[in-house]
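S.K.: Structure of the sequence below:
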Amino acid sequence: MTFALTSPLTGAAQTGFTSPLYTHVQDQNPSPNGKQFAVTALGGTQAGVIIHSVAAPFTIASFKPAVFRQLGKANPVTGVISNILRNVYKTNTRKGVLPLAGQAYQQMLITTTVEIPAGADLADPSNVRAAYSAHIGALSQQSAGLGDTGISGIL
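M.R.: Next up is the predicted model:
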(Lines give C-alpha, C1' and ligand atoms only; values in the text may rest on other atoms or scores of the structure.)
Protein backbone atom coordinates (compact mmCIF):
# COMPACT_ATOMS: atom_id res chain seq x y z
CA MET A 1 0.00 0.00 0.00
CA THR A 2 1.19 3.47 -0.72
CA PHE A 3 -0.72 4.97 2.21
CA ALA A 4 2.21 6.57 4.02
CA LEU A 5 1.40 9.63 6.09
CA THR A 6 4.28 12.03 6.52
CA SER A 7 4.76 13.54 9.95
CA PRO A 8 3.67 16.07 10.93
CA LEU A 9 0.35 15.95 9.11
CA THR A 10 -1.14 19.38 8.38
CA GLY A 11 -4.75 19.40 9.50
CA ALA A 12 -7.51 21.04 7.50
CA ALA A 13 -9.17 24.25 8.67
CA GLN A 14 -11.52 24.03 11.66
CA THR A 15 -13.35 26.74 13.58
CA GLY A 16 -11.20 27.74 16.58
CA PHE A 17 -8.05 25.98 15.35
CA THR A 18 -4.98 27.80 14.07
CA SER A 19 -2.52 25.88 11.87
CA PRO A 20 -3.34 22.42 13.26
CA LEU A 21 -0.48 19.89 13.02
CA TYR A 22 -0.50 16.23 14.04
CA THR A 23 2.78 14.42 14.69
CA HIS A 24 2.31 10.67 14.45
CA VAL A 25 4.12 7.35 14.50
CA GLN A 26 3.31 4.14 12.69
CA ASP A 27 1.24 1.89 14.93
CA GLN A 28 0.33 -1.79 14.75
CA ASN A 29 -2.83 -2.11 12.70
CA PRO A 30 -5.29 -4.68 14.05
CA SER A 31 -5.64 -6.06 10.51
CA PRO A 32 -2.80 -7.42 8.34
CA ASN A 33 -4.29 -5.67 5.28
CA GLY A 34 -3.97 -2.17 6.72
CA LYS A 35 -1.67 0.51 8.06
CA GLN A 36 -2.27 2.61 11.15
CA PHE A 37 -0.74 5.76 12.60
CA ALA A 38 -1.16 7.13 16.14
CA VAL A 39 -1.07 10.88 16.86
CA THR A 40 1.64 11.52 19.47
CA ALA A 41 1.96 15.33 19.46
CA LEU A 42 -0.01 18.38 18.42
CA GLY A 43 1.01 21.67 16.84
CA GLY A 44 -0.73 24.95 16.24
CA THR A 45 -3.59 26.11 18.43
CA GLN A 46 -6.04 23.32 19.31
CA ALA A 47 -7.32 24.08 22.81
CA GLY A 48 -8.58 20.99 24.64
CA VAL A 49 -7.31 18.44 22.11
CA ILE A 50 -5.40 15.45 23.51
CA ILE A 51 -3.02 13.02 21.81
CA HIS A 52 -3.37 9.25 21.49
CA SER A 53 -3.67 7.14 24.61
CA VAL A 54 -5.15 3.78 25.51
CA ALA A 55 -8.21 5.44 27.06
CA ALA A 56 -8.65 7.97 24.25
CA PRO A 57 -7.24 6.68 20.97
CA PHE A 58 -6.32 9.06 18.17
CA THR A 59 -5.44 6.95 15.14
CA ILE A 60 -5.70 7.11 11.37
CA ALA A 61 -5.84 3.76 9.57
CA SER A 62 -6.27 2.65 5.99
CA PHE A 63 -7.34 -0.79 4.77
CA LYS A 64 -7.20 -2.56 1.43
CA PRO A 65 -9.30 -5.59 0.49
CA ALA A 66 -8.14 -8.80 2.15
CA VAL A 67 -8.84 -10.56 -1.16
CA PHE A 68 -8.93 -8.59 -4.40
CA ARG A 69 -11.97 -9.21 -6.61
CA GLN A 70 -11.49 -9.78 -10.32
CA LEU A 71 -13.75 -8.87 -13.20
CA GLY A 72 -16.00 -11.82 -14.09
CA LYS A 73 -16.54 -13.31 -17.51
CA ALA A 74 -19.04 -11.88 -19.93
CA ASN A 75 -22.10 -13.86 -20.97
CA PRO A 76 -21.09 -15.57 -24.24
CA VAL A 77 -24.41 -14.66 -25.87
CA THR A 78 -25.09 -11.11 -24.63
CA GLY A 79 -21.54 -10.00 -23.87
CA VAL A 80 -22.80 -8.53 -20.56
CA ILE A 81 -21.05 -9.10 -17.25
CA SER A 82 -24.02 -9.49 -14.93
CA ASN A 83 -22.28 -9.45 -11.56
CA ILE A 84 -19.46 -6.94 -11.22
CA LEU A 85 -17.73 -7.36 -7.87
CA ARG A 86 -16.21 -4.46 -5.95
CA ASN A 87 -12.91 -3.95 -4.19
CA VAL A 88 -13.58 -2.08 -0.94
CA TYR A 89 -11.02 0.27 0.64
CA LYS A 90 -11.53 2.09 3.94
CA THR A 91 -9.83 4.85 5.85
CA ASN A 92 -10.78 5.30 9.50
CA THR A 93 -9.97 8.00 12.01
CA ARG A 94 -10.62 7.07 15.64
CA LYS A 95 -10.62 9.77 18.31
CA GLY A 96 -11.45 9.46 21.99
CA VAL A 97 -14.04 12.05 22.98
CA LEU A 98 -15.81 12.82 26.25
CA PRO A 99 -19.60 12.37 26.18
CA LEU A 100 -19.80 14.33 29.46
CA ALA A 101 -17.22 15.78 31.85
CA GLY A 102 -16.16 13.16 34.39
CA GLN A 103 -17.21 10.26 32.16
CA ALA A 104 -15.01 7.74 30.35
CA TYR A 105 -13.82 8.55 26.82
CA GLN A 106 -15.83 7.06 23.98
CA GLN A 107 -14.57 6.46 20.47
CA MET A 108 -15.68 8.76 17.69
CA LEU A 109 -15.23 7.09 14.30
CA ILE A 110 -14.95 8.72 10.88
CA THR A 111 -14.97 6.24 8.00
CA THR A 112 -14.48 6.85 4.30
CA THR A 113 -15.38 3.78 2.24
CA VAL A 114 -14.45 3.47 -1.42
CA GLU A 115 -15.99 0.73 -3.55
CA ILE A 116 -14.23 0.35 -6.90
CA PRO A 117 -15.86 -1.96 -9.46
CA ALA A 118 -13.44 -4.75 -10.34
CA GLY A 119 -11.72 -3.98 -13.62
CA ALA A 120 -12.01 -0.18 -13.35
CA ASP A 121 -8.41 -0.07 -12.11
CA LEU A 122 -7.32 -1.21 -15.59
CA ALA A 123 -10.10 0.09 -17.84
CA ASP A 124 -10.58 3.56 -16.32
CA PRO A 125 -7.78 4.54 -13.89
CA SER A 126 -8.11 8.27 -14.66
CA ASN A 127 -11.71 8.38 -13.51
CA VAL A 128 -10.91 6.32 -10.40
CA ARG A 129 -8.24 8.90 -9.54
CA ALA A 130 -10.63 11.78 -10.34
CA ALA A 131 -13.21 10.36 -7.92
CA TYR A 132 -10.61 10.22 -5.14
CA SER A 133 -9.37 13.70 -5.99
CA ALA A 134 -12.82 15.27 -5.91
CA HIS A 135 -13.88 13.40 -2.76
CA ILE A 136 -10.79 14.29 -0.75
CA GLY A 137 -10.83 17.84 -2.10
CA ALA A 138 -14.46 18.26 -1.02
CA LEU A 139 -13.69 16.92 2.47
CA SER A 140 -10.69 19.22 2.75
CA GLN A 141 -12.55 22.26 1.42
CA GLN A 142 -15.48 21.66 3.74
CA SER A 143 -13.50 20.51 6.80
CA ALA A 144 -14.56 23.43 8.99
CA GLY A 145 -18.16 23.23 7.78
CA LEU A 146 -18.33 19.50 8.53
CA GLY A 147 -16.78 20.12 11.96
CA ASP A 148 -19.32 22.88 12.63
CA THR A 149 -22.14 20.53 11.53
CA GLY A 150 -20.85 17.86 13.94
CA ILE A 151 -21.19 20.40 16.75
CA SER A 152 -24.37 22.27 15.75
CA GLY A 153 -26.27 19.59 13.84
CA ILE A 154 -26.94 22.12 11.08
CA LEU A 155 -25.91 21.02 7.61
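S.K.: Neighbours of the nearest residue to Lys90 once chain neighbours are set aside, how many?
M.R.: On the basis of C-beta to C-beta, 6 or more residues apart in numbering, the spatially nearest residue to Lys90 that is not a chain neighbour turns out to be Phe63, at 4.7 Å. Every residue, glycine included, has its C-beta placed from N, CA and C. The tally of other residues near Phe63 (other C-beta atoms under 10 Å) stands at 22.
S.K.: Show me what Phe63 is bridged to.
M.R.: Taking DSSP bridges as the rule, Phe63 bridges to Gly34, Lys90.
S.K.: Look up how far Lys35 lies from it.
M.R.: From Phe63 across to Lys35, the span is 8 Å (C-beta to C-beta, to the nearest Å).
S.K.: Report the set of residues contacting both of those two.
M.R.: Taking C-beta atoms under 8 Å, 6 or more residues apart in numbering as the contact rule, Phe63 and Lys35 both touch Asn29.
S.K.: Show me the contact partners of the top helix by length along the chain.
M.R.: Ranked by residue count under DSSP state H, the longest helix found in the chain is helix 125-141. With contact meaning C-beta under 8 Å, 6+ apart, helix 125-141 is reached by Ala12, Thr112, Val114, Ile116, Ala120, Asp121, Leu146.
S.K.: buried sites along it?
M.R.: Under the neighbour-count criterion of 16 or more other C-beta atoms under 10 Å, helix 125-141 has Val128 buried.
S.K.: Can you read off the pLDDT for the residue nearest to Lys90?
M.R.: Note on Phe63: pLDDT of 95.
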